[in-house]
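Peer 1: Sequence and predicted structure below; questions after.
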Amino acid sequence: MRSRTIGATLGTLAVILVCATAAAAAGPTARLAASCTPPDYPGSGYFTSLRVTRVGCTTGRRVTRAHYRCRTESGRRGRCHRRVLRYRCSETRTTISTEINGRVTCRRGARRVVYTYQQNL
């Protein structure tokens with residue numbers, strides 16, 4: 001009788017181990033959408049919001065900074081017309097003489113990084 005109890009216990013432990021391994025394999029991609037803390041703005045201005053879908057916050061911050069560098073390569077009022085980190089980005093902005101307020105959406109398949117910024121001119 002004792003050997004049946006040990007066999008049942010080992011069987012239960014095996015099932016728990018398989019379930020835990022499957023849950024760990026799902027990892028951070030199980031999250032579909034999140035609001036993240038935006039990175040520090042490298043120039044004069046602010047990243048005001050950051051929202052990611054099907055990617056992590058670290059990737060969202062990385063794409064945000066890469067797009068900023070692309071955008072400012074041609075000056076403070078510049079625009080980015082190429083892919084950054086294999087993401088295709090589109091931007092809408094409003095401009096006054098002293099600042100730019102923009103909203104950028106970067107897409108790579110189902111992955112999305114959306115951020116807003118205010119840049120002082």
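Peer 2: Here it is on my side, so go on.
Peer 1: Check the secondary structure at R79 for me.
Peer 2: Assigned with DSSP: H, G, I helix; E, B strand; the rest coil, R79 falls in the coil class.
Peer 1: same question, S74
Peer 2: Under three-state DSSP, the three-state class of S74 is coil.
Peer 1: neighbours around it, how many?
Peer 2: S74: 11 surrounding residues under other CB atoms under 10 Å. From N, CA and C alone the C-beta is placed, and that goes for glycine too.
Peer 1: On the pLDDT front, check it for me.
Peer 2: Looking at S74, its pLDDT is 91.
Peer 1: Also the one 4 residues further on?
Peer 2: The pLDDT attached to G78 in the predicted structure is 96.
Peer 1: R69 is in contact with that one, correct?
Peer 2: No: between G78 and R69 there is no contact under CB atoms under 8 Å: 10.3 Å.
Peer 1: List the residues that contact R77.
Peer 2: T95, I100, L121 (CB atoms under 8 Å, 6 or more residues apart in numbering).
Peer 1: measure the last one to G43 for me?
Peer 2: For L121, the distance to G43 under the criterion CB to CB, to the nearest Å works out to 10 Å.
Peer 1: and Y117, what does it touch?
Peer 2: Y117 neighbours (CB under 8 Å, 6+ apart): Y41, G45, Y46, F47, T48, Y68, I100, N101, G102, V104.
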